[in-house]
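# 3D model of this:
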Amino acid sequence: MPFRPFPLRPFALLLGLFGVFAGPAKAQESPAALARTAMAYDANDYATAWAQANAALSGQLSPRHRSDAHRYRLLSANRLSMQPGQMPGGLQKATLGDSATASMQWLYRTEADGQSLDDAQQAALAEGYRLVQTLGYDAMGDPSVPAARLRTHAERLDAWSPLYANNYAHFEAIGQLHQVGQQYPQAKKAYADAIRIYNKRLPSRPDASIGRDYYNLAFLTVLYSPEHQDADGHTTQEGLKRGLAQVQDGLALLNSERERGTRMGATLEGFDAAEDDLRRFQLDCFQKLEPTPPEALPAFKAAIAANPDDALLHSAYANLLENTGDVVGARNAYTKATKLDPSNTNNWFNLGVLDFNQAAQLLQEANTLDDMDAARAVQVDALALLRQARRPFENALAGDPQNRSTLQVLLQIATLTDDLEGMKRYQRLLEQ
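Numbers count the residues shown, from 1 in each chain. Predicted coordinates for the structure are as follows:
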């Protein structure tokens, strides 16, 4: 049974108001709250454990008991963040983050004072890192968590970075908070530090989170680095190459760490997801690089072989093939994408554009020919392609009836193929 202090008698309560019993009562309550914290945590009641840990920390505790209270607050806060069903009404993850970084600061001070953290304290600190990183992920696009609040968390952790110069998880958490707090240069530096520390001294067990660090570093390099953007805000080719190199370094490390973990018999949790994220970002870079790198096509083929039902992959592959001049391959890939996801109007539009552009080239070629029979034969081929292009454009229009680009192309096709009814229909729709 949890300990419950006896209620004060009326005269004791009156004296308490004047401060006679206020101090001792609080001193007695804090250890009791700590005992209730432990019992609640052991019973997986993390909401009560977190609340009781806060209550214990508000009173007088010995250094050992205070350390335990901070440890329980970190553990219960992280567990509570992963079980929203236990979250009391009105409690937000950001508040859990506030308490976590405060407790982490206390543990930092303990170690700064020359007292090494024991295994339980180190484990609690690791839970704290996981919590603040989760808070960062969840805060993306969530207006209820102000960026300034995340920056405060990052500053709290960063203040102790000299003490944790060999702890890659410390810098991972700082990077995540800075990133979501929209402090991109600081985030890039933190991720780079985490990667440097991890590579310098591999942890006892492989950790897939290093793949996420490489991903975030490449993401920020490509999309949020002023030195890699042109006057229009687009990523330069140099920025894409830099991001691609970071992705490839991450994939190489993940592969070696996966092999090391296999030899150790370790559980390789999260490695597949981390590798998948890096490979998808790699494919994004391949699409934008000019000229297309020779390793791009094999990478896309491998990705499609591993994910044959991914319509977005087939669409991206089609775009890459189109850029390399392989119209037939691009048409096949776009066709596959439309079959996998018929509702995606972009795939239908792009499929139509392939035939429309090819028809336009043939019509231009026909105009340059002196031989009338040859010119007429080329025009026949061009008109056949235009009629073939009409179906995917119609499918795109069915999914987005107000799309003016699609209507204008269909009007051009109707005009070039002498389809008077089609011309009237598309013109009417454009005028609505």
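
# mind listing what residue 227 touches?
In this structure, residue 227 makes contact with residue 239, judged by CB atoms under 8 Å, 6 or more residues apart in numbering. To be clear about C-beta, it is placed using only N, CA and C from the backbone, and glycine gets the same treatment.

# and it, what pLDDT?
With respect to pLDDT, residue 227 scores 91.

# can you dump the C-alpha atoms of stretch 215-227 in CSV for me?
The C-alpha trace of stretch 215-227 is given here as CSV (Å, rounded to 0.1, in the frame of the first residue of the first chain):
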residue,chain,number,x,y,z
TYR,A,215,19.8,11.9,-43.3
ASN,A,216,19.1,15.1,-41.4
LEU,A,217,22.6,16.5,-42.2
ALA,A,218,22.0,15.9,-46.0
PHE,A,219,18.5,17.2,-45.8
LEU,A,220,19.7,20.5,-44.3
THR,A,221,22.7,20.7,-46.6
VAL,A,222,20.4,20.4,-49.7
LEU,A,223,17.4,22.4,-48.6
TYR,A,224,18.5,24.9,-45.9
SER,A,225,22.0,26.0,-46.6
PRO,A,226,22.3,29.5,-48.1
GLU,A,227,25.8,28.7,-49.4
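
# what comes up buried for it?
215-222, 224-225 (16 or more other CB atoms under 10 Å).

# list just the nearest of those residues to residue 340.
Nearest to residue 340, judged by CB to CB, of the buried residues of stretch 215-227 is residue 215 at 25.5 Å.

# wait, that closest one touches residue 281, no?
Yes - Residue 215 lies in contact with residue 281 (CB atoms under 8 Å); the separation is 6.1 Å.

# ok so, going back, and the buried residues of stretch 215-227, which of them are in helices?
215-222 (DSSP state H).

# as CSV, the residues you listed with distance to residue 415 would be great.
Below are those laid out as CSV (distance: CB to CB, whole Å):
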residue, distance to residue 415
215, 48
216, 50
217, 51
218, 46
219, 45
220, 48
221, 47
222, 42
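
# where does this structure dip in pLDDT?
Applying pLDDT under 70 to the chain flags the ranges 1-29, 135-146, 149.

# circling back to that earlier point, what's the most distant pair in the buried residues of stretch 215-227?
215 and 225 (15.1 Å).

# what about the helices in the stretch 251-400 of the chain?
Ranges of helices in the stretch 251-400 of the chain, per DSSP state H, counting those that start in this stretch, are 271-288, 296-306, 311-323, 327-340, 345-368, 372-399.

# mean neighbour count added to those, as a markdown table?
Converted to a markdown table, the helices of the stretch 251-400 of the chain look like this (neighbours: other CB atoms under 10 Å):
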| stretch | mean neighbour count |
| --- | --- |
| helix 271-288 | 18 |
| helix 296-306 | 15 |
| helix 311-323 | 21 |
| helix 327-340 | 19 |
| helix 345-368 | 19 |
| helix 372-399 | 17 |
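
# got those as JSON lines, with distance to residue 85 columns?
Compiled in JSON lines, the helices of the stretch 251-400 of the chain are given as follows (distance: least, CB to CB, whole Å):
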{"stretch": "helix 271-288", "distance to residue 85": "24"}
{"stretch": "helix 296-306", "distance to residue 85": "35"}
{"stretch": "helix 311-323", "distance to residue 85": "33"}
{"stretch": "helix 327-340", "distance to residue 85": "35"}
{"stretch": "helix 345-368", "distance to residue 85": "38"}
{"stretch": "helix 372-399", "distance to residue 85": "38"}
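
# so which of those helices comes closest to residue 163?
Nearest to residue 163, of those and by CB to CB, is helix 271-288 at 27.9 Å.

# now the angle from that closest one to helix 296-306?
Orientation of helix 271-288 against helix 296-306 (axes from the mean of the first three to the mean of the last three CA atoms, to 10 degrees) gives an angle of 140 degrees.

# got a list of contacts for helix 271-288?
206, 208-212, 214-215, 218-219, 222, 235, 240, 243-244, 247-248, 250-251, 254, 257-258, 261, 292-293, 295-296, 299-300, 303, 313, 316, 319-320, 323.
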